[in-house]
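Q: Coordinates only, no sequence provided:
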């Protein structure tokens with residue numbers, strides 16, 4: 001008996017899911033703390049008590065390695081309970097070097113809770129931060145970034161920014177102030193031997209003189225520092241308000257954040273920008289372990305389905321010789337809409353993590369148009385166009401009929417939306433208005449272009465001409481997008497588009513139920529991974545009119 005070997009796609013899919021499962025287990029292991037055997041004299045414990053209180057003393061500096069003297073400029077100090085959140089604000093004074101596009105850092109010291117201290121005295125803090133029980137960390141208070149593009153009222157007499165300010169020079173990065181700083185202390189009191197100390201924790205751990213305890217582990221949360229919180233520093237600015245947030249952090253979450261911060265540094269070394277990683281940071285910030293693992297797992301499945309949908313779509317169209325039963329208008333619309341969305345994402349300076357898949361999808365849709373129109377290219381003869389068969393001509397006639405009725409609704413809606421956007425919405429340029437108006441039409445009315453295919457299915461009483469395997473992968477991803485619509489920040493139009501596609505997909509599935517195929521027929525539309533059998537020549541069983 002001959003044994004059927006699994007296809008390459010099955011093998012790669014199983015390997016990918018196994019890798020993602022192993023990665024998820026690796027994340028879960030970060031939350032499992034070590035335990036020191038009882039009686040082991042090498043155990044190291046936390047110096048914090050259960051209801052410990054600390055004082056945080058903050059300084060600004062323009063040097064990456066400041067000395068405990070004139071390099072530090074006092075900013076703020078406040079008391080905290082290690083297990084409780086606290087929020088305060090402070091005013092940062094800008095030195096001349098920072099106003100001239102320089103860099104500023106924030107120094108954070110954690111010391112045992114201060115008693116009565118006369119803060120009016122100069123350098124009253126020097127003795128406090130020089131003690132043996134002081135924890136210390138340093139982070140950037142400024143960050144270089146390209147200023148956001150100004151928007152204008154295109155129909156105004158003069159092109160003035162809506163914000164009322166001076167248009168910014170976007171040719172080079174300039175200094176921005178981080179308006180929110182999140183500071184944390186590890187609240188878990190873990191006891192462990194020196195050999196059990198994880199490498200990521202060991203880099204930030206400071207021991208006491210007797211080396212039997214470790215000082216409070218101080219951590220500045222870089223993952224909560226988003227690009228939307230950056231505030232540009234103008235040449236006329238002398239000071240600005242910042243918000244300082246304190247919140248405790250667990251052992252597992254601290255390890256996760258430290259490892260992910262290191263991964264972001266590696267991504268920057270490979271050429272990724274801050275904008276590329278900004279949205280990814282939002283997934284990890286303020287996320288508990290269960291939701292994080294669910295998001296991670298669903299994202300992996302979404303990525304796998306995207307790959308399988310692309311692969312099966314290309315396989316289906318590569319072997320497709322006729323477009324009988326397929327709506328050319330829908331194919332043309334998909335190519336147009338994917339291209340418009342790609343240019344819109346470029347205009348919005350979207351992350352490469354989103355831009356690259358959108359570009360690949362647009363290229364595949366354009367290639368499908370050449371197959372649908374029978375366009376061929378050769379270096380000797382150039383472009384050539386094939387002729388339609390009788391069945392293709394019949395499908396095209398039904399397609400034109402559906403589009404005629406659809407245009408009565410579609411074109412007036414798009415025109416009204418474009419005029420409204422021009423009058424009431426500011427834009428960066430006329431090009432930006434054109435792209436944004438078009439993409440709004442794609443989001444708002446794009447699902448209407450899926451209707452001609454439904455009309456063709458109804459008239460032909462058949463759905464076997466559709467690439468069902470690729471279609472089902474896309475349908476599953478649409479349902480996954482519904483889940484992400486509540487988790488991930490996205491435009492309202494895109495969120496609405498996720499739900500409106502569900503309705504159309506459900507109609508397609510209902511049509512598949514209404515128009516079943518001959519059970520004895522080998523359906524090549526769902527056999528993309530294998531070579532179609534040469535004997536598969538039977539046709540669909542059609543229902544009576």
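A: Okay, I see it. Predicted model only: the values in this text are computed from it and were never measured.
Q: Can you give me the buried ones in the lengthiest helix in the chain?
A: Assignment by DSSP state H gives helix 390-424 as the longest helix of the chain. For helix 390-424, the neighbour count (16 or more other Cβ atoms under 10 Å) marks 392, 394-396, 398-399, 402-403, 406, 410, 414, 417-418, 421 as buried. Placement of C-beta: from N, CA and C, glycine included.
Q: so which of the residues you listed comes closest to residue 188?
A: Nearest to residue 188 among those, counting by Cβ to Cβ, is residue 421 at 52.1 Å.
Q: Hmm, the closest one is touching residue 441, no?
A: No. With contact defined as Cβ atoms under 8 Å, residue 421 does not count as touching residue 441 (9.9 Å).
Q: what's the angle from the strand or helix carrying residue 456 to helix 390-424?
A: Assigned by DSSP states H and E, residue 456 falls within helix 451-460. For helix 451-460 against helix 390-424, the angle by axes from the mean of the first three to the mean of the last three Cα atoms, to 10 degrees is 150 degrees.
Q: Quick check: residue 258 vs residue 184, distance?
A: Separation of residue 258 from residue 184 (Cβ to Cβ, to the nearest Å) stands at 11 Å.
Q: so what sits against both of the two?
A: The contact sets of residue 258 and residue 184 overlap at residue 219 (Cβ atoms under 8 Å, 6 or more residues apart in numbering).
Q: Can you lay out the buried residues of helix 390-424 as CSV showing pLDDT and distance to residue 89?
A: Converted to CSV, the buried residues of helix 390-424 look like this (pLDDT from 0 to 100; distance: Cβ to Cβ, whole Å):
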residue, pLDDT, distance to residue 89
392, 71, 68
394, 77, 71
395, 73, 66
396, 76, 66
398, 76, 65
399, 75, 62
402, 74, 60
403, 73, 58
406, 74, 55
410, 73, 51
414, 77, 47
417, 78, 42
418, 80, 44
421, 78, 38
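Q: Return the member of these nearest to residue 249.
A: Residue 249 lies nearest to residue 421 out of these, by Cβ to Cβ, at 44.3 Å.
Q: In three-state terms, how would the nearest residue to residue 50 once chain neighbours are set aside be classified?
A: Nearest non-adjacent residue to residue 50, counting by Cβ to Cβ, 6 or more residues apart in numbering: residue 189, 7.5 Å away. Three-state call for residue 189 (DSSP: H, G, I helix; E, B strand; the rest coil): coil.
Q: What are the contacting residues of the helix or strand residue 343 falls within?
A: For residue 343, the enclosing helix or strand under DSSP H and E is helix 328-347. Helix 328-347 is contacted from outside by 323, 354-355, 358-359, 361-362, 365-366, 368-369, 372-373, 396, 399-400, 402-403, 428, 431-432, 435-436, 438-439, 442, 446, 449-450, 452-453, using Cβ under 8 Å, 6+ apart.
Q: ok, then the element right after that helix?
A: Per DSSP H and E, the first helix or strand lying C-terminal to helix 328-347 is helix 352-372.
Q: Just want the angle from that following helix to helix 328-347.
A: Per the same axes, to 10 degrees, the angle that helix 352-372 makes with helix 328-347 is 150 degrees.
Q: buried ones in helix 352-372?
A: 355, 358, 359, 361, 362, 364, 365, 367, 368, 371, 372.
Q: which secondary structure elements does it contact?
A: With contacts taken as 3 or more Cβ pairs under 8 Å, 6 or more residues apart in numbering; DSSP states H and E, helix 352-372 sits against helix 274-284, helix 289-318, helix 328-347.
Q: Contact partners for residue 313?
A: Here residue 313 is in contact with 364, 368, 467, 470 (criterion: Cβ under 8 Å, 6+ apart).
Q: can you give me the strands in the stretch 151-300 of the chain?
A: 174-178, 180-185, 213-214, 218-220, 230-232, 239-246 (DSSP state E, counting those that start in this stretch).
Q: Distance to residue 46, mean pLDDT and mean neighbour count added to those, as CSV?
A: Shown next, in CSV, are these (distance: least, Cβ to Cβ, whole Å; pLDDT from 0 to 100; neighbours: other Cβ atoms under 10 Å):
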stretch, distance to residue 46, mean pLDDT, mean neighbour count
strand 174-178, 29, 90, 20
strand 180-185, 10, 92, 21
strand 213-214, 6, 90, 20
strand 218-220, 13, 91, 20
strand 230-232, 35, 89, 17
strand 239-246, 18, 93, 16
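Q: Quick one, which of those gets closest to residue 299.
A: Per Cβ to Cβ, nearest to residue 299 of these: strand 180-185, 24.3 Å.
Q: Within the sheet, what are the partner strands of that closest one, with directions?
A: In the sheet, strand 180-185 lines up against strand 218-220 (antiparallel), strand 239-246 (parallel) (DSSP bridges).
Q: How far does that strand sit from its chain's centre?
A: Relative to its chain's centre, strand 180-185 lies at 23 Å (Cα atoms, centre = their mean, to the nearest Å).
Q: you'd agree residue 49 is in a strand?
A: No. Under three-state DSSP, residue 49 sits outside any strand and is assigned coil.
Q: Let's see the pLDDT reported for it.
A: As predicted, residue 49 sits at a pLDDT of 84.
Q: how close does it get to residue 55?
A: Distance, residue 49 to residue 55, using Cβ to Cβ: 15 Å.
Q: Who has more neighbours out of these two?
A: Between residue 49 and residue 55, residue 55 has the larger neighbour count (other Cβ atoms under 10 Å), namely 19 against 9.
Q: Report pLDDT for the more buried one.
A: At residue 55, the model reports a pLDDT of 92.
Q: Same question for residue 65.
A: pLDDT, residue 65: 87.
Q: For the residue lying closest to residue 338 once chain neighbours are set aside, list the residues it contacts.
A: Using Cβ to Cβ, 6+ apart and skipping residues adjacent in sequence, the residue nearest residue 338 is residue 362, 4.1 Å away. By Cβ under 8 Å, 6+ apart, residue 362 lies in contact with 335, 338, 339, 341, 342.
Q: that older thread, and the furthest pair within the contacts of residue 313?
A: Farthest pair in the contacts of residue 313, by Cβ to Cβ: 364 and 467, 12.1 Å.
Q: Residue 57 - that's part of a helix, no?
A: No. According to three-state DSSP, residue 57 belongs to no helix; its state is strand.
Q: mind listing what it touches?
A: Contacts of residue 57 by Cβ under 8 Å, 6+ apart are 74, 76, 77, 108, 109, 111, 125, 128, 129.
Q: With respect to residue 254, which of these is nearest?
A: Relative to residue 254, and with distances defined as Cβ to Cβ, the nearest of these is residue 108, at 15.4 Å.
Q: is it true that the closest one touches residue 129?
A: No. Using Cβ under 8 Å, residue 108 is not in contact with residue 129, being 10.2 Å away.
Q: The helix holding residue 343 to helix 289-318, inter-axis angle?
A: Put simply, helix 328-347 runs at 130 degrees to helix 289-318, going by the same axes, to 10 degrees.
Q: Flag every buried residue along helix 328-347.
A: 328-345, 347.
Q: so what pLDDT did residue 463 get?
A: Here, the pLDDT recorded for residue 463 equals 79.
Q: In a strand, it, correct?
A: No. Counting by three-state DSSP, residue 463 is not found in a strand; it is coil.
Q: Does it touch residue 456 like I think?
A: No. Contact criterion Cβ under 8 Å: residue 463 and residue 456 do not qualify, at 9.6 Å.
Q: for the stretch 101-250 of the chain, what spans make up the helices?
A: Ranges of helices within the stretch 101-250 of the chain are 126-129, 199-202, based on DSSP state H, counting those that start in this stretch.
Q: export these to a markdown table and tack on distance to residue 94?
A: Output for these, formatted as a markdown table (distance: least, Cβ to Cβ, whole Å):
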| stretch | distance to residue 94 |
| --- | --- |
| helix 126-129 | 23 |
| helix 199-202 | 34 |
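Q: For residue 69, find the nearest of those.
A: Shortest distance between residue 69 and these, using Cβ to Cβ, is found for helix 126-129: 8.1 Å.
Q: Touching that closest one from outside, list them.
A: Residues outside helix 126-129 that contact it (Cβ under 8 Å, 6+ apart) are 55, 57, 68, 109, 111, 114, 117, 134, 136.
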